[in-house]
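Participant: Let's see this in three dimensions:
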Amino acid sequence: MNLNNIKYNFDGLIPAIIQDQQTRHVLMLGYMNKVALEKTIQENRVTFYSRSKQRLWTKGETSGNFLNVISIQNDCDKDALLIMVKPTGPTCHTGSDTCWNQKNQPTYGFLSTLETIITERKNNPNEQSYTSSLFKKGINKIAQKVGEEAVEVVIEAKDDNDDLFIDEASDLMYHYLILLQAKGFTLKDIVSCLEKRHK
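Facilitator: Okay, here's the model as predicted:
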């Protein structure tokens, strides 16, 4: 990023959107002047310019909940920053994960929704629920279903019917999520493992 291309406003400030690099949740919005941005880059910890106190302040300087910088990007108009961070604790001064009182937990789109439904069926069984019935039958039956679905995916992968392949792959994913729950794990655990391998 070219620091000479940044367009500060008439107060010499630029808005900085802070986003968690892993979860992609927006944590907060602050403002930086040139000195705050330079300090942020030098120390790899987010430093803002406080408009109310008229001074620099490093996020976490009193709480210890620092925002460790992963990357900094300037937007297309060069007048707003997006700073990807790894937070060391809650971001908001209220103790909330974000300044919008949201949990800063990773989400995986509809898979997270499905995972929540599966957890509900496990914790609050419903006699009409296929998912609840699998949990009732135990880990051996659940593991067997995952094996059966995996074989069916392999079979369909060798054919040319894409619709059947997608159906079987979806069945495998669904039963896999049930198996994770039965073993006491979540998608987050799998993603963490894959990230460690990637490094």
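Participant: CA atoms for contacts and neighbours, from now on please.
Facilitator: Fine.
Participant: From start to finish, how long is stretch 101-119 in a straight line?
Facilitator: With C-alpha to C-alpha, to the nearest Å as the measure, stretch 101-119 spans 24 Å from end to end.
Participant: Buried residues of it, list them for me.
Facilitator: 104, 112, 115, 118-119 (16 or more other C-alpha atoms under 10 Å).
Participant: And this protein, what are its domain boundaries?
Facilitator: Following automatic domain parsing, one finds the domains of the chain at 3-87, 110-198.
Participant: next one: stretch 115-124 to chain centre, how far?
Facilitator: Remark: stretch 115-124 is offset 21 Å from the chain centroid, using C-alpha atoms, centre = their mean, to the nearest Å.
Participant: quick one: residue 121 and residue 130 touch, right?
Facilitator: No: counting by C-alpha atoms under 8 Å, residue 121 sits too far from residue 130 to count as a contact (9.0 Å).
Participant: Name the residue in those two with the higher neighbour count.
Facilitator: Taking neighbours as other C-alpha atoms under 10 Å, residue 121 and residue 130 compare with residue 121 leading, 20 against 12.
Participant: Report the separation between the residue nearest to residue 168 when sequence neighbours are not counted and residue 174.
Facilitator: Nearest residue to residue 168 in three dimensions, chain neighbours excluded: residue 153, at 5.3 Å (C-alpha to C-alpha, 6 or more residues apart in numbering). Relative to residue 174, residue 153 is positioned 13 Å away (C-alpha to C-alpha).
Participant: So for residue 93, which of the domains of the chain sits nearest?
Facilitator: domain 3-87 (8.5 Å; C-alpha to C-alpha).
Participant: so how far is the closest one from its chain's centroid?
Facilitator: 20 Å.
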